[in-house]
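# mind folding the following:
(chains A, B, C and D)
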Number of protein chains: 2
Amino acid sequence: MSQKGAGVDLETSLGYLLKEASSALRAAMEEVLRPLGMTVTHYSCLELLAQRPGLSNSELARGTFVTRQSMNVLLQALERDGYVTRPAEAPVGKALPARLTPRGRRSLEKATVAVRSVELRMLAGMTETEQSEAFRLLKSMTHSLHGGNDAT
Amino acid sequence: MSQKGAGVDLETSLGYLLKEASSALRAAMEEVLRPLGMTVTHYSCLELLAQRPGLSNSELARGTFVTRQSMNVLLQALERDGYVTRPAEAPVGKALPARLTPRGRRSLEKATVAVRSVELRMLAGMTETEQSEAFRLLKSMTHSLHGGNDAT
DNA sequence: CAAGCTATGTCAGAATGCTGACATGAGTCA
DNA sequence: TGACTCATGTCAGCATTCTGACATAGCTTG
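All right, here's what the predicted structure looks like:
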C-alpha cells in the first residue's frame, strides 16, 4: 500500500541512509545478543572494557554514546552480577577504574563471536578498498559534525 | 586520562564508526531542533509525511525506525496539537492515512532548513563522487544486514 | 464459504535512557 | 592560601521507547 510515491527525497539523503544502516546494525546485534541474555549497551560496555581496562564510568559512557548516569546504572548491575569490579576508593580523583572479572571476560567472549559475525555479514560484498573508503568517509562525516568545519 | 591504550580494535570497526557517526548526526539534529521545540522523531515523522502524504501509522513507524506503538503516541500528540489529521474511519482496512495540516507544514518548513544545514555540514569536505560512494556503501551495508547474503 | 494468516490500531505495563541536582576531588589563578 | 572552574560519581524524577496483548479488517486457501 502507498507504494505509489516512492523515491522522493529521503532516498537521496545520506543522513537518512546513515540512520537506516545504524538501525539495521543495532537490530542485527540485538538479534544475536538476545540468546546470550545481553543487550547492545551491555556488550558495548564489556567490549570497551576489554580493550581498555581501567576506564572510568564517564569514559565508558562517552565510548558507548550514553550519559554517564545511564552507564552508572549499567555498571552497578554489571558489578552486582560479577562481570566487572571497581575499587571502593578512587586511586586518584573520583574516577573509579573498572575492570572485567574472569566471568565478565568469559561472557564477553561468546558475545564477541556473535557480534563479529554480524559485522562480517555487514561487510559482505565489500572489497578491502571499499571498506577502507567507508571507514574514511564515516570518519569525515563524524568529524565534520563535531564542530569541525574542514574535513580532510 | 587513560589515553594510554589508544587505537585498539574499536578504532578499526566499521560498526563502531557507524554508530559514532549516527550518534553525532542525531546529536547535531537535536541541537538545531531544540530551539524549535521539536524532537528528531517528531521532525522525521513530519518530513516523511510531507514527502509521502497519506502514510499510515505503521508505515510511518517503519520509515522512522520506531515501533508502531511509539509512533502511535507521537501521532496522537501531533494530531492533538493540530500538526496532522487522520480520518475518523479507515477508507480501507484499518490503516488511517495521515496528512499534514497547514500548521504542520509551516512547522516543518523551519525544521527542514535547520536539518538541511546539519546535513550540509556533515557533507562538508566530501566531493560529489565521495558522497555517491558513501551512499552506495551505506546501501550495501544495510542490504547485507537485512538477511541478504550477496551485495552488489 | 469458513478457517487461517497477516497487518493494523490501540491500550497497558515495563524497561531504558535522559535531565536536573548535589557533593566531592583536582587543577588554575590571583 | 582561597576562590574559581571543571570533571566525576551518584541519586531522584521524568520522558521516551519497547514488549505484550487484544480486537478487527482484508487476503488467501482449502
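# what about the longest helix in chain A?
helix A:102-123 (DSSP state H).
# helices or strands up against it?
helix A:14-33, helix A:40-51, helix B:14-33, helix B:128-145 (3 or more CB pairs under 8 Å, 6 or more residues apart in numbering or on different chains; DSSP states H and E). All C-beta spots, glycine's among them, are computed from the backbone N, C-alpha and C.
# looking at these, which is closest to A:Pro97?
Checking those against A:Pro97 by CB to CB gives helix A:40-51 as the closest, at 9.9 Å.
# in the closest one, what's buried?
By 16 or more other CB atoms under 10 Å in any protein chain shown, the buried positions in helix A:40-51 come out as A:40, A:42-50.
# who's in contact with A:Thr64?
The contact partners of A:Thr64, taken as CB atoms under 8 Å, 6 or more residues apart in numbering or on different chains, are A:41, A:44-45, A:48, A:71.
# any idea how far DNA strand D is from the residue nearest to it when sequence neighbours are not counted?
Leaving aside its chain neighbours, A:Thr64 sits nearest to A:Ser44 (4.4 Å; criterion: CB to CB, 6 or more residues apart in numbering or on different chains). Plainly put, A:Ser44 is 16 Å away from DNA strand D if you go by CB to the nearest atom of the strand, to the nearest Å.
# likewise A:Arg80?
In terms of CB to the nearest atom of the strand, A:Arg80 sits 12 Å off from DNA strand D.
# okay, now that residue: neighbour count?
Counted by other CB atoms under 10 Å in any protein chain shown, the residues lying close to A:Arg80 total 9.
# likewise for A:Val66?
Counted by other CB under 10 Å, the residues lying close to A:Val66 total 18.
# surely it touches A:Thr41?
Yes: assessed by CB atoms under 8 Å, A:Val66 is found in contact with A:Thr41 at 6.4 Å.
# in TSV, list the buried residues of helix A:40-51 along with pLDDT.
Converted to TSV, the buried residues of helix A:40-51 look like this (pLDDT from 0 to 100):
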residue	pLDDT
A:Val40	96
A:His42	96
A:Tyr43	97
A:Ser44	97
A:Cys45	97
A:Leu46	97
A:Glu47	96
A:Leu48	96
A:Leu49	96
A:Ala50	96
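# now, which of those residues sits nearest B:Ser58?
Ranked by distance to B:Ser58 (CB to CB), the buried residues of helix A:40-51 are led by A:Val40 at 24.4 Å.
# pretty sure that closest one contacts A:Glu31?
No: the pair A:Val40 / A:Glu31 is not scored as a contact, 10.3 Å apart, by CB under 8 Å.
# still on that earlier bit, pLDDT averaged over the longest helix of chain A - what is it?
Helix A:102-123 shows a mean pLDDT of 95.
# ok, A:Ala50 - contacts?
A:Ala50 touches A:100, A:105, A:108, counting by CB under 8 Å, 6+ apart.
# turn those into CSV, including neighbour count and distance to DNA strand D.
Output for those, formatted as CSV (neighbours: other CB atoms under 10 Å in any protein chain shown; distance: CB to the nearest atom of the strand, whole Å):
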residue, neighbour count, distance to DNA strand D
A:Leu100, 20, 16
A:Arg105, 14, 21
A:Leu108, 22, 20
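# and of those, the nearest to chain B?
A:Leu108 (12.7 Å; CB to the nearest CB).
# so where's chain A uncertain?
A:1-8, A:147-152 (pLDDT under 70).
# residue numbers of it in contact with DNA strand D?
Counting by CB under 7 Å from any atom of the strand, chain A comes close to DNA strand D at A:56-59, A:68-69, A:72, A:75-76, A:90, A:93-96.
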